[in-house]
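Engineer: What shape does this take:
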Amino acid sequence: MKPIFVILICLFSVSTYAQTGSKMKFGKVSKEEFAINSFNDDTSAHAIILTEIGSSQFESEGNWFKLIYRVHRRIKIIDKFGLDEARHKLTLYRGGEKDEELLNLKASTYNLVNNEIVETPMDSKSVFTEKVDKDFTNKRFALPNVKEGSIIEYSYTISSPYFHHLRSWRFQGQYPRLWSEYKVAIPEYFDYIQVQQGFEKFEVKTREVSRQTFSFQDKSSAGIMTNQTYTASPTVGKYTWALKDVPSIHHENFITTLDNYFSQIEFQLSAINLPDRDKKPTESTWPELMKSLLEDKDMGACLKEDNYFLTSKVKELTAKSTDEEGMARNIYQWVRDNFVVTGDDKIWTNQSLKTTFNSKKGNVTEINLLLTAMLLNAGFNAHPLVLSTRDNGYVFQQYPLYTHFNYTIVGLYYADKYVLLDAATPWLGFGKLPVECYNGGARRVDATGEMVMLSADSLFEQTITSATVTAIEDGQLKGFIFQKPSYFSSIDLREKVASIGKEKFLEKYNKEHNGIVASEMQFEELDSLEVPLMINYQFKTNFDNNADLIYFNPVMIDRQQKNPFMAMERKFPVEMPFVNDELYTLNLTIPDDYEVDELPKSARATLSDKDGSFEYLISQFENRIQFKFRLQLKKAYFEPDEYTALRSFFDLVIKKLNEQIVLKKKK
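Structural biologist: The predicted structure follows:
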């Protein structure tokens with residue numbers, strides 16, 4: 001009974017701690033906290049967030065408000081894989097007139113030595129500042145003397161004059177949390193959209209309203225602060241959200257990003273309501289938000305400028321064609337092939353269009369805004385669009401939040417056609433977008449704010465392979481293979497061929513396809529970036545020439561050998577990047593001195609009647625074997641309750657794809 005007693009004690013300690021976590025005080029670490037080494041049934045946690053408490057509130061400063069954001073967090077390090085929690089990065093916004101400030105940062109590490117708690121405070125020299133770009137600065141710090149079993153603690157305050165930047169709060173992450181709490185106090189002068197997400201049920205979710213008095217300094221007619229003060233006493237909405245015993249979330253196959261599923265809350269300013277003034281909306285609708293981006297000096301405002309420096313190059317490029325599509329293609333291809341992407345994906349610029357044009361480098365937004373400007377200079381109807389890539393998470397279409405966007409593309413009208421372009425991705429064809437862009441709705445950066453849907457279900461990828469075995473002799477199967485990879489696989493292959501050359505590509509191909517030796521490889525459509533590549537080559541594969549039986553799989557290359565869905569259950573949707581169609585055929589002539597000993601059976605299967613299908617067809621006619629398999633998935637997104645059927649479907653597929661043909665020597 002002793003082990004059971006210990007487990008009960010640990011569970012009791014965790015539960016008790018979660019109930020009292022909101023009362024945490026800095027430096028008041030208990031020995032009981034060192035005894036917490038696991039979370040409920042999750043014994044694999046490398047760290048446990050014991051308590052985290054955050055708050056955002058308005059305070060008066062001068063003649064206006066400032067936002068004060070406070071964080072206090074305490075973490076137990078379980079093993080060496082949790083040591084990453086000792087290193088932290090805080091991002092501060094650098095505005096035109098005033099920057100956000102990091103205040104009152106303190107951090108300590110606690111270790112249990114000879115049954116005594118020993119504290120090691122962080123030295124101020126452990127805090128480093130790095131400039132990210134003209135808009136953001138990072139503050140990095142690392143706690144000292146952190147080891148397995150340590151408890152770390154830190155707290156800080158961020159003072160911000162920017163009301164748009166009411167910080168979000170994430171109640172869930174890669175490590176479990178015993179208590180996570182966020183409080184926000186908002187005066188009636190400010191309206192915020194609140195967006196909550198996640199599956200966990202709040203332990204606390206309250207709203208109270210009370211009056212609060214703020215004192216301000218008056219300004220003279222010349223804009224100089226005076227010693228005169230005045231007060232205002234608006235009603236203040238005070239919100240509290242808290243979660244207890246929050247499980248961790250871990251990555252699974254075919255999931256875009258866990259950011260879509262964490263329990264969290266976000267805010268965006270929608271209106272300012274000052275006394276005796278009209279209510280001032282601030283991008284509370286999509287058209288308003290997109291119009292503000294179009295007019296922002298760090299986004300679309302550059303498109304309204306003269307941009308005279310583009311004219312000569314645009315004339316040179318458009319002179320090479322007589323039709324609209326040809327002109328647009330020439331401009332697109334020149335930008336795509338002559339500019340290098342630098343920096344992180346975001347929808348803001350760090351430099352002018354002219355700097356981007358002259359330096360031949362920029363971030364994704366700078367390059368695609370340059371493309372937009374060149375198309376406009378040529379007389380086309382073009383505009384930018386913003387979107388969120390798959391690894392950045394979904395955009396809530398019912399809530400206009402610009403913080404969700406991280407990527408800019410271009411929309412172009414010509415000859416009664418509308419195409420989307422991305423000149424920041426090498427090897428991408430005209431009218432194509434990277435697979436990462438297919439993550440829901442993109443928004444036009446114009447007065448309409450119109451949504452353009454980019455669903456993974458609308459993106460069709462097909463792979464075709466045809467193998468012909470022409471001889472079985474001298475211990476080898478010989479023949480030729482034709483491959484037509486999918487479009488996005490073709491992009492990767494073109495890039496590899498261009499990088500290392502055809503000869504080394506063939507060497508690498510043979511290493512990656514164990515058992516198959518390819519030769520005389522030829523490429524078609526290598527330079528036609530709008531269509532898939534085609535590859536032809538001779539092949540041979542060895543077998544035991546002295547054996548009476550020859551075993552070989554009819555799927556000779558790129559065969560799936562394991563079910564990609566191994567877990568028995570799944571909490572989150574399956575989010576594939578595209579709709580897939582895979583077709584493979586084999587033709588084989590049986591040598592005169594061999595006959596078929598065993599042939600797999602044909603099979604067909606469907607997934608939920610219409611969501612997918614699988615054909616495995618094999619037949620023998622005299623000395624010829626014909627084989628075909630086709631795997632089709634007709635949608636890319638599967639809900640959790642569809643997972644069991646999807647997993648069973650792939651169980652059948654993988655089982656059939658691993659069956660072999662057996663030939664035996666004639667007596």
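
Engineer: Spit out the contact partners of Arg443.
Structural biologist: By CB atoms under 8 Å, 6 or more residues apart in numbering, the contact list for Arg443 reads Trp286, Leu289, Met290, Leu385, Val386, Leu387, Val395, Phe405, Gly449, Glu450, Met451, Val452. In this view, the C-beta of every residue, glycine as well, is placed from N, C-alpha and C.

Engineer: The residues you listed in helices, which ones?
Structural biologist: Trp286, Leu289, Met290 (DSSP state H).

Engineer: Neighbours of the last one, how many?
Structural biologist: Okay, so that is Met290. Using other CB atoms under 10 Å, Met290 is surrounded by 28 other residues.

Engineer: how much space between it and Val118?
Structural biologist: 56 Å (CB to CB, to the nearest Å).

Engineer: Over to Val386?
Structural biologist: 51 Å.

Engineer: do Val395 as well
Structural biologist: From Val395 across to Val118, the span is 48 Å (CB to CB).

Engineer: between those two, who's got more neighbours?
Structural biologist: Val395 (23 against 11).

Engineer: how much space between that one and Val386?
Structural biologist: Taking CB to CB, one finds Val395 at 9 Å from Val386.

Engineer: Quickly list what's touching both of these two.
Structural biologist: Contact criterion CB under 8 Å, 6+ apart; residues bridging Val395 and Val386 by contacting each: Phe405, Arg443.

Engineer: follow-up on the earlier one: go through the ones in helices among the contacts of Arg443 and say which is closest to Gly429.
Structural biologist: Nearest to Gly429 among these, counting by CB to CB, is Met290 at 27.2 Å.

Engineer: Number of residues surrounding the residue lying closest to that closest one once chain neighbours are set aside?
Structural biologist: Residue nearest to Met290 in three dimensions, not counting chain neighbours: Gly449, with 3.7 Å by CB to CB, 6 or more residues apart in numbering. Gly449: 20 surrounding residues under other CB under 10 Å.

Engineer: Verify the stated contact: Gly449 with Leu294.
Structural biologist: No. Assessed by CB atoms under 8 Å, Gly449 is found out of contact with Leu294, at 9.5 Å.

Engineer: average pLDDT for stretch 324-337?
Structural biologist: The average pLDDT for stretch 324-337 rounds to 97.

Engineer: For it, give me every contacting residue.
Structural biologist: 313-314, 317-318, 320-321, 367, 370-371, 374-375, 378, 380, 412, 414-415, 417, 421, 423-426, 428, 430.

Engineer: Can you flag which of those belong to helices?
Structural biologist: Secondary structure from DSSP H places Lys313, Val314, Leu317, Thr318, Ile367, Leu370, Leu371, Met374, Leu375 of the contacts of stretch 324-337 in helices.

Engineer: Looks to me like Leu92 is in a strand.
Structural biologist: Yes. Under DSSP: H, G, I helix; E, B strand; the rest coil, Leu92 sits within a strand.

Engineer: pretty sure it contacts Ser159?
Structural biologist: No. Using CB under 8 Å, Leu92 is not in contact with Ser159; the gap is 9.7 Å.

Engineer: Overlap in contacts, these two.
Structural biologist: Counting by CB under 8 Å, 6+ apart, the shared contacts of Leu92 and Ser159 are Glu100, Glu101.

Engineer: what's the first-to-last distance across stretch 171-185?
Structural biologist: Using CA to CA, to the nearest Å, the end-to-end distance of stretch 171-185 comes to 18 Å.

Engineer: how far does that stretch sit from the chain's center?
Structural biologist: In terms of CA atoms, centre = their mean, to the nearest Å, the centre of stretch 171-185 is set 22 Å apart from its chain centre.

Engineer: Lys478 is in what secondary structure piece?
Structural biologist: Per DSSP states H and E, Lys478 falls inside strand 476-484.

Engineer: Could you name the helices and strands sitting against that strand?
Structural biologist: With contacts taken as 3 or more CB pairs under 8 Å, 6 or more residues apart in numbering; DSSP states H and E, strand 476-484 sits against strand 460-473, strand 534-542.

Engineer: how about the CA coordinates for that strand, as PDB?
Structural biologist: Extracted C-alpha coordinates of strand 476-484, given in PDB (Å, rounded to 0.1, in the frame of the first residue of the first chain):
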ATOM      1  CA  GLN A 476      18.500  -8.300 -60.800                       C
ATOM      2  CA  LEU A 477      15.100  -6.800 -61.700                       C
ATOM      3  CA  LYS A 478      15.600  -4.200 -64.500                       C
ATOM      4  CA  GLY A 479      13.400  -1.700 -66.100                       C
ATOM      5  CA  PHE A 480      12.400   2.000 -66.200                       C
ATOM      6  CA  ILE A 481      10.400   4.300 -64.100                       C
ATOM      7  CA  PHE A 482       8.400   7.400 -65.000                       C
ATOM      8  CA  GLN A 483       7.500   9.900 -62.200                       C
ATOM      9  CA  LYS A 484       5.400  13.000 -62.100                       C
END
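
Engineer: quick one: whichever helix or strand comes after that strand to strand 534-542, angle?
Structural biologist: As assigned by DSSP H and E, the chain's next helix or strand after strand 476-484 is helix 487-512. Counting by axes from the mean of the first three to the mean of the last three CA atoms, to 10 degrees, helix 487-512 lies at 30 degrees to strand 534-542.

Engineer: Helix 487-512 to strand 476-484, inter-axis angle?
Structural biologist: 160 degrees.

Engineer: Would you mark the buried spots in stretch 337-346?
Structural biologist: Neighbour counts over stretch 337-346 (16 or more other CB atoms under 10 Å) mark Phe339, Gly343, Asp345, Lys346 as buried.

Engineer: Over to stretch 403-421?
Structural biologist: Across stretch 403-421, burial judged by 16+ other CB under 10 Å covers 404-412, 414, 419-421.

Engineer: before we move on, what about stretch 324-338?
Structural biologist: Glu324, Met327, Ala328, Arg329, Asn330, Ile331, Tyr332, Trp334, Val335, Arg336.

Engineer: Show me where the stretch 501-650 of the chain has its helices.
Structural biologist: Remark: helices assigned in the stretch 501-650 of the chain by DSSP state H, counting those that start in this stretch are 643-657.

Engineer: hmm, back to that, distance of the residue nearest to Met290 from Pro600?
Structural biologist: Taking CB to CB, one finds Gly449 at 55 Å from Pro600.

Engineer: ok, and the helix or strand in the chain with the lowest average confidence?
Structural biologist: helix 2-20 (a mean of 39; mean pLDDT, DSSP states H and E).

Engineer: what's the next secondary structure element after it?
Structural biologist: helix 31-34.

Engineer: what's in contact with that next one?
Structural biologist: Ser13, Tyr17, Leu50, Arg74, Lys76, Leu112, Asn115, Ile117, Gly149, Ile151.

Engineer: Would you mind writing the CA trace of that helix as CSV?
Structural biologist: Output of helix 31-34 as CSV, limited to C-alpha atoms (Å, rounded to 0.1, in the frame of the first residue of the first chain):
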residue,chain,number,x,y,z
LYS,A,31,9.3,22.7,0.7
GLU,A,32,6.0,21.1,-0.4
GLU,A,33,6.5,22.6,-3.8
PHE,A,34,9.7,20.7,-4.3
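
Engineer: quick one: low-confidence parts of this protein?
Structural biologist: In the predicted model of the chain, residues 1-22, 96, 219-226, 278-283, 545-546 satisfy pLDDT under 70.

Engineer: which residue is nearest the centroid of it?
Structural biologist: Centroid-nearest residue in the chain, with CA atoms, centre = their mean: Asp391, separated by 0.6 Å.

Engineer: which residues does the closest residue in space to that one that isn't next to it in sequence contact?
Structural biologist: Nearest non-adjacent residue to Asp391, counting by CB to CB, 6+ apart: Thr257, 5.1 Å away. Going by CB under 8 Å, 6+ apart, Thr257 touches Arg390, Asp391, Asn392, Gly393.

Engineer: Thought Tyr407 was touching the third one, still the case?
Structural biologist: What that stands for is Asn392. Yes. Under the criterion of CB under 8 Å, Asn392 makes contact with Tyr407 at 7.5 Å.

Engineer: so what sits against both of these two?
Structural biologist: Joint contacts of Asn392 and Tyr407 (CB under 8 Å, 6+ apart) are Asp345.
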